[in-house]
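Peer 1: Fold the following for me, if possible:
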Amino acid sequence: MAASPENPAPTTPRRKPGRHRGEGQWAVGHFTPLNGNEQVKKDDDGLNVRTRIETIYSKRGFDSIDPSDLRGRMRWWGLYTQRRQGIDGGKTAILEPEELDDEFFMLRVRIDGGRLTTEQLRVIGEISQEFARGTADLTDRQNIQYHWIRIEDVPEIWERLEAVGLSTTEACGDTPRTILGSPVAGIAADEIIDGSPAVDEIHRRFIGNPAFSNLPRKFKTAISGSPQLDVAHEINDIAFVGVDHPEHGPGFDLWVGGGLSTNPKLGVRLGAWVPLDEVPDVFEGVISIFRDYGYRRLRNRARLKFLVADWGPEKFRQVLQDEYLKRDLLDGPAPELPKDVWRDHLGVHRQNDGRFYIGFAPRVGRVDGATLSKIAELAETHGSGRLRTTTEQKLIVLDVEEDRVESLVAGLESLGLKVNASPFRRGTMACTGIEFCKLAIVETKARGASLIDELERRIPEFDEPITININGCPNSCARIQVADIGLKGQLVLDDEGNQVEGFQVHLGGALGLEAGFGRKVRGLKVTSAELPDYVERVLKRFQAERAEGERFATWTARASEEALS
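Peer 2: Numbers count the residues shown, from 1 in each chain. Okay, the predicted model is just below:
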């Protein structure tokens with residue numbers, strides 16, 4: 001039986017609470033909420049707020065929303081209040097929540113495995129145009145986010161999404177978030193194993209399940225059988241990575257405990273090989289450990305990565321086997337490093353059935369409803385009924401016959417969506433930023449788009465893989481610590497002593513190839529206005545100083561601070 005305040009875990013004896021009543025771990029008997037967030041979840045399951053939205057808040061308006069629902073439980077249905085317009089970054093940490101809240105919402109559509117039909121994309125586009133002032137951003141977790149959503153419109157939006165098999169259930173909150181999947185699952189010619197059945201079964205069994213709707217914090221999942229390691233497995237709470245076992249064949253290598261934010265940690269291998277049909281059970285075991293043993297005292301220590309760091313992989317695997325699976329896992333090999341630095345599937349690629357898939361790039365994930373509707377129409381016209389979102393804020397059209405590829409590429413390019421993109425268009429990501437996010441300090445989307453344009457103009461000959469990730473605050477939604485150039489938004493002083501928007505710079509982070517966190521050069525900060533000059537300067541130094549075949553991340557590890565400034 002699952003541990004809960006009513007049903008303590010039977011396998012572990014209670015311990016007397018310490019001075020601070022422990023870490024709030026249910027499995028050792030600490031059920032008393034130790035902070036306001038835990039109290040809100042104990043008072044009422046976040047899943048229950050949907051009824052109040054449909055029957056009360058959508059009819060009586062924004063002012064009728066209970067504060068505990070507004071800034072807590074509504075996240076269980078993908079809703080966050082957005083930032084009130086006109087509030088500068090200097091006030092982000094000063095103002096009370098009610099002063100930062102606008103009377104509009106961000107609404108996140110979860111797209112597990114990144115899988116979409118053209119009908120679904122068309123509906124997403126229509127909702128954007130009717131209810132979200134045209135907004136529809138692609139995220140680096142394969143979701144699509146609206147802004148400017150009114151509470152009065154939410155029930156109709158849900159009805160339209162659910163009519164085509166989409167939802168916003170647990171797209172936010174202390175829940176199992178969207179399950180990342182290889183965007184070329186089931187079609188890639190080089191795929192080790194198709195993880196889609198596991199994505200589907202996890203979604204069926206656990207999403208919207210009250211047994212797992214009160215976790216210590218969010219829980220992020222990634223499943224990919226691609227040798228390109230295309231789901232950022234190192235920074236998820238749990239990841240299943242495709243490998244070929246020498247005796248048992250294709251399956252998955254199990255990783256746990258990854259995550260970024262202000263205390264980044266790379267996930268660790270448990271050394272266990274998991275066959276496809278056992279992935280959902282192993283997922284249940286790991287998420288149950290998090291629910292039962294996860295730290296609930298301090299929000300900033302409530303992610304699974306802290307428990308994994310304290311226990312170590314050996315103890316974590318032992319608890320998983322002994323207390324939850326009731327059996328041993330098979331040992332297995334580690335995944336091989338990818339052959340290609342780029343893992344976004346951009347460009348034209350042959351599928352395993354002889355047809356083609358085509359990956360294309362908007363600027364920093366910024367699209368709009370009208371464009372999404374046109375993409376759906378283009379895909380259907382060229383014979384495709386399927387698309388995928390990626391973990392790099394890109395889109396892919398699947399199942400295109402060879403004689404229609406050229407025409408589809410031309411159609412996408414006419415919409416400003418690059419199939420043959422520069423390294424800067426391809427490698428630059430940005431979070432939501434101060435335009436809508438209440439945590440942000442600086443602008444990101446427009447800054448990223450203009451940076452791409454400037455770099456394409458200034459160094460058009462640059463053709464090396466490069467990732468430039470722009471974040472509006474320290475929380476790293478845009479994965480700044482694992483980018484070649486990671487930019488963390490903060491207020492800085494310009495040459496005249498004025499406080500302006502700017503960035504702390506991280507250099508040489510990476511995933512996949514020698515995964516690690518970027519280097520921070522002492523005192524290296526740039527203003528937003530100086531950003532194009534700085535990036536141009538450091539990339540030109542890289543071009544001048546790099547060894548044959550040397551990657552940017554490797555060069556930054558040995559370069560002098562002067563060269564990086």
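Peer 1: Could you work out the end-to-end span of stretch 466-485 for me?
Peer 2: 8 Å (C-alpha to C-alpha, to the nearest Å).
Peer 1: Can you give the distance of that stretch from its chain's centre?
Peer 2: 12 Å (C-alpha atoms, centre = their mean, to the nearest Å).
Peer 1: ok, the residue nearest to T175 when sequence neighbours are not counted - contacts?
Peer 2: Among residues not flanking T175 along the chain, S213 sits closest, at 5.7 Å (C-beta to C-beta, 6 or more residues apart in numbering). From N, CA and C alone the C-beta is placed, and that goes for glycine too. By C-beta atoms under 8 Å, 6 or more residues apart in numbering, S213 lies in contact with D45, G46, L47, W76, E170, G173, T175.
Peer 1: Quick check: phi and psi on A222?
Peer 2: Phi and psi for A222, reported as degrees, to the nearest 10, are phi -140, psi 140.
Peer 1: roughly how far apart are it and A557?
Peer 2: 26 Å (C-beta to C-beta, to the nearest Å).
Peer 1: Please identify which of those two sits among more neighbours.
Peer 2: A222 (30 against 14; other C-beta atoms under 10 Å).
Peer 1: That one contacts F240, doesn't it?
Peer 2: Yes. The pair A222 / F240 is scored as a contact, 7.3 Å apart, by C-beta atoms under 8 Å.
Peer 1: Next, show the common contact partners of these two.
Peer 2: H233.
Peer 1: Just the element for V109, please.
Peer 2: In this structure, V109 is located in strand 101-109 according to DSSP states H and E.
Peer 1: Flag every buried residue along that strand.
Peer 2: D101, D102, F104, F105, M106, L107, R108, V109 (16 or more other C-beta atoms under 10 Å).
Peer 1: for P474, what are its contacts?
Peer 2: Here P474 is in contact with S261, T262, K488, Q490 (C-beta under 8 Å, 6+ apart).
Peer 1: one step back: most neighbours among the contacts of S213, which one?
Peer 2: E170 (28 neighbours).
Peer 1: Endpoints of stretch 503-512, how far apart?
Peer 2: 25 Å.
Peer 1: centre of the chain versus that stretch, how much separation?
Peer 2: For stretch 503-512, the distance to the chain centre is 17 Å (C-alpha atoms, centre = their mean).
Peer 1: what does stretch 319-332 give?
Peer 2: For stretch 319-332, the distance to the chain centre is 28 Å (C-alpha atoms, centre = their mean).
Peer 1: ok, now stretch 520-535?
Peer 2: Using C-alpha atoms, centre = their mean, the offset of stretch 520-535 from its chain centre is 25 Å.
Peer 1: residues making contact with it?
Peer 2: With C-beta under 8 Å, 6+ apart, stretch 520-535 has contacts from 442-443, 447, 450-451, 454-455, 458, 468, 485, 487, 490, 492, 494, 500-507, 561, 564-565.
Peer 1: which secondary structure elements does the host helix or strand of L161 contact?
Peer 2: Per DSSP H and E: L161 is located in helix 154-163. Helix 154-163 sits against strand 101-109, helix 118-131, with contacts defined as 3 or more C-beta pairs under 8 Å, 6 or more residues apart in numbering; DSSP states H and E.
Peer 1: Show me what that helix is in contact with.
Peer 2: Against helix 154-163 from outside (C-beta under 8 Å, 6+ apart): 53-54, 58, 79, 105, 107, 109, 123-124, 126-127, 131, 149, 167-168.
Peer 1: one more time with 10 Å
Peer 2: With contact meaning C-beta atoms under 10 Å, 6 or more residues apart in numbering, helix 154-163 is reached by 50, 53-55, 57-59, 74, 77-79, 105, 107, 109-110, 119-120, 123-124, 126-127, 130-132, 146, 149-150, 166-169.
Peer 1: filter those residues to the buried ones?
Peer 2: 50, 53, 57-58, 74, 77-79, 105, 107, 109-110, 120, 123-124, 126-127, 131-132, 146, 149, 166-169.
Peer 1: Give the burial count for T51, as a bare number.
Peer 2: 9.
Peer 1: Could you do D277 as well?
Peer 2: D277 has 11 neighbouring residues, counting by other C-beta under 10 Å.
Peer 1: Double-check that it belongs to a helix.
Peer 2: Yes. The assignment for D277 is a helix, going by DSSP: H, G, I helix; E, B strand; the rest coil.
Peer 1: per-residue confidence for it?
Peer 2: Looking at D277, its pLDDT is 98.
Peer 1: how near is it to E201?
Peer 2: 9 Å.
Peer 1: before we move on, the earlier item: got the angle between the strand holding V109 and helix 154-163?
Peer 2: Angle, strand 101-109 to helix 154-163, by axes from the mean of the first three to the mean of the last three C-alpha atoms, to 10 degrees: 10 degrees.
Peer 1: Quick one: mean pLDDT over strand 101-109.
Peer 2: For strand 101-109, mean pLDDT rounds to 97.
Peer 1: so where do the strands sit in the stretch 351-500 of the chain?
Peer 2: With strands called from DSSP state E, counting those that start in this stretch, the stretch 351-500 of the chain shows them at 356-360, 366-368, 386-389, 395-400, 428-430, 468-471, 485-493, 499-507.
Peer 1: I'd like these as a markdown table, with mean pLDDT and distance to F517 appended.
Peer 2: Formatted as a markdown table, the strands of the stretch 351-500 of the chain follow (pLDDT from 0 to 100; distance: least, C-beta to C-beta, whole Å):
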| stretch | mean pLDDT | distance to F517 |
| --- | --- | --- |
| strand 356-360 | 98 | 27 |
| strand 366-368 | 97 | 27 |
| strand 386-389 | 98 | 26 |
| strand 395-400 | 98 | 29 |
| strand 428-430 | 98 | 16 |
| strand 468-471 | 98 | 12 |
| strand 485-493 | 96 | 9 |
| strand 499-507 | 96 | 7 |
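Peer 1: so which of those comes closest to G332?
Peer 2: strand 386-389 (27.4 Å; C-beta to C-beta).
Peer 1: What strands line up against the closest one, and which way round?
Peer 2: If you go by DSSP bridges, strand 386-389 pairs up with strand 115-117 (antiparallel), strand 395-400 (antiparallel).
Peer 1: May I see the ones you listed organised as CSV, with distance to T139 and mean neighbour count added?
Peer 2: Compiled in CSV, the strands paired with strand 386-389 are given as follows (distance: least, C-beta to C-beta, whole Å; neighbours: other C-beta atoms under 10 Å):
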stretch, distance to T139, mean neighbour count
strand 115-117, 14, 23
strand 395-400, 12, 24
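Peer 1: could those strands go into CSV alongside distance to D331?
Peer 2: Formatted as CSV, the strands paired with strand 386-389 follow (distance: least, C-beta to C-beta, whole Å):
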stretch, distance to D331
strand 115-117, 32
strand 395-400, 35
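Peer 1: Enumerate every residue touching the nearest residue to G489 once chain neighbours are set aside.
Peer 2: In space, and not counting its chain neighbours, G489 is closest to V442: 3.5 Å by C-beta to C-beta, 6+ apart. V442 makes contacts with 88-89, 92, 433-434, 470-473, 487-492, 500-503, 527-528, as judged by C-beta under 10 Å, 6+ apart.
Peer 1: among those residues, which ones are buried?
Peer 2: The buried subset of the contacts of V442 - by 16+ other C-beta under 10 Å - is 89, 92, 433-434, 470-473, 487-492, 501-503, 527-528.
Peer 1: what's around the closest residue to L320 other than its chain neighbours, how many residues?
Peer 2: Spatially, and ignoring its direct neighbours in sequence, L320 is nearest to G285 (4.9 Å; C-beta to C-beta, 6+ apart). For G285, the count of nearby residues is 19 (other C-beta under 10 Å).
Peer 1: Surely G285 touches F212?
Peer 2: No. Under the criterion of C-beta atoms under 10 Å, G285 makes no contact with F212, lying 11.9 Å away.
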